[in-house]
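Novice: How does the following fold in three dimensions:
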Amino acid sequence: MLHATQHAFVRDRILARNGPCARFFEHQALPLAKACRKIAQRFLNGGRLICFGRGPYATDAMHVSVEFIHPVIVGKRALPALDVSMAPQAWIETIVTERDMAIAFGPPVPDEHDLQILRLAKARGAMTIAWPGAHGDADYAVAPACDDAHVHQELFELLGHTMYESVHVFLEHLSQHAAPPADEVAFGFLYPFLDASRDSEDTVVDEVAESIRMKAHEACVLRKQVAGEEAGTIAAAADAIAERVRAGGRILTFGNGGSATDATDFALDCVMPEHGWAAVPAISLALEPAVITATANDVGVDVVFLRQVIAQSRPGDVAMAFSTSGGSRNVVAALEEARKRGLLTVALLGYDGGEIVRRNLADFALVVRSDYVPRIQEAQGTIYHVLREALAHA
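Specialist: Take a look at the predicted model:
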């Protein structure tokens, strides 16, 4: 595809997300707020959030789990969440109790296998959440917004982020008469108009629902900004990656935390393509905990991706980094090594691109100019999905 045509294609595909996003969250804001209050109460009662999905949707389960265990908001309590995608039925039959919550992630057409597992969780007394599902499939079932798997996944990532944020607001509200944990900080900056001291449950639910709509609007505004500022660079990156792939190269993806799940999701999108596209050879360096923890324990966290670049890369490959800050030392080190080895380097970044941009470590730096991690990650989800579409047409 000619670069100018590819540029227009990328821009239009990014902007096409905003209509479904606005409609989806206008409908889902209030049901999500009500569900979050119930989830918060279960956490206060000692419950855990059990997450699972199959294929690329397992990365959604990973993403939600890490957000609750390791909050991006410094000072918020770690909440018990677990990704059991490797063997969901066995774990749910073994560990789920009546205090827990089970959430299934799946494709736009609800997966009957996943719904059956949710029914097992329900039989054990757990609150069940089907993302997606129809009325009656779970205590909180969310109908798919569209049949495009990538757009569907992006909407549910935003749904997961707003769930995480809203649960913390309800935890603060429900705990207002109890002494907070020593490391707890105020959460008001996320919801500046919400007075958590109010007694009315309906008022709090309504205001959280409005805040969810506001955050969906913020995501749309940021997506429009990315379309205007980054579409040309995304199109050029797609062309350069496609050229490497045609010559026998592979894509090596990597990142930390939520960015690790995005790196793995993009690699899965490459090897498990939608719409009959040709598969693209890709490897996620964030996927193997044994390799990552062995390297981190024996050598150091800063080299967990560098060592894999040394072991896995070949001339003509592509190194694709995911980092909201642009300054993660292990990501920077891996890009430095990739540069030494002549790999094409691509980076999905937030803020101003950080050290990666300042040191020019990426041949293509795709920067989401925001300072709020969840919104950055949501926009990055759109970027790598549209990049994958552009690869299919390059």
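
Novice: ok, residue 328 - contacts?
Specialist: Counting by Cβ atoms under 8 Å, 6 or more residues apart in numbering, residue 328 touches 255, 256. Using the backbone N, CA and C atoms, a C-beta is placed for each residue, glycine as well.

Novice: need the contact list for residue 303.
Specialist: Taking Cβ under 8 Å, 6+ apart as the definition of contact, the neighbours of residue 303 are 295, 330, 333.

Novice: Could you do residue 351 as well?
Specialist: Residue 351 sits next to 324, 325, 326, 367, 369, 370, 371, 376 when contact means Cβ under 8 Å, 6+ apart.

Novice: Just the buried ones from those?
Specialist: For the contacts of residue 351, burial is judged from neighbour counts taken by 16 or more other Cβ atoms under 10 Å, and it is met by 324, 325, 326, 367, 369, 370, 376.

Novice: Pick out the most distant pair among those residues.
Specialist: The most widely separated members of the buried ones among the contacts of residue 351, counting by Cβ to Cβ, are 325 and 369 (13.0 Å).

Novice: what residues are shared contacts of the two?
Specialist: 350, 351.

Novice: Could you tell me which of the buried ones among the contacts of residue 351 are located in helices?
Specialist: When DSSP state H defines the helices, the subset of these inside them is residue 376.

Novice: okay, the buried ones among the contacts of residue 351 in CSV with pLDDT and distance to residue 218 next?
Specialist: CSV is the format used below for the buried ones among the contacts of residue 351 (pLDDT from 0 to 100; distance: Cβ to Cβ, whole Å):
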residue, pLDDT, distance to residue 218
324, 96, 16
325, 95, 19
326, 97, 21
367, 98, 17
369, 98, 13
370, 97, 9
376, 97, 11
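
Novice: Does residue 147 touch residue 108 like I think?
Specialist: Yes: because the distance of 4.9 Å satisfies Cβ atoms under 8 Å, residue 147 is recorded as touching residue 108.

Novice: Pick out whichever of those two has more residues nearby.
Specialist: Using other Cβ atoms under 10 Å, the more surrounded residue of residue 147 and residue 108 is residue 108, with 16 against 10.

Novice: Tell me the pLDDT of the more buried one.
Specialist: Residue 108 is assigned a pLDDT of 96 by the prediction.

Novice: pretty sure it belongs to a strand, no?
Specialist: No: when the secondary structure is assigned by DSSP: H, G, I helix; E, B strand; the rest coil, residue 108 falls in coil instead of a strand.

Novice: Can you tell me, leaving aside adjacent residues, what's nearest to it?
Specialist: Leaving aside its chain neighbours, residue 108 sits nearest to residue 144 (4.1 Å; criterion: Cβ to Cβ, 6 or more residues apart in numbering).

Novice: so that neighbour makes contact with residue 106?
Specialist: No: using Cβ under 8 Å, residue 144 is not in contact with residue 106, being 9.1 Å away.

Novice: Between those two, point out the one with more neighbours.
Specialist: residue 106 (24 against 21).

Novice: Now do the strands in this protein.
Specialist: Per DSSP state E, the chain has strands spanning 49-53, 81-83, 101-105, 127-131, 140-141, 251-255, 282-284, 318-323, 344-350, 364-368. These are given in chain order.

Novice: Against residue 157, how distant is residue 26?
Specialist: From residue 26 across to residue 157, the span is 18 Å (Cβ to Cβ, to the nearest Å).
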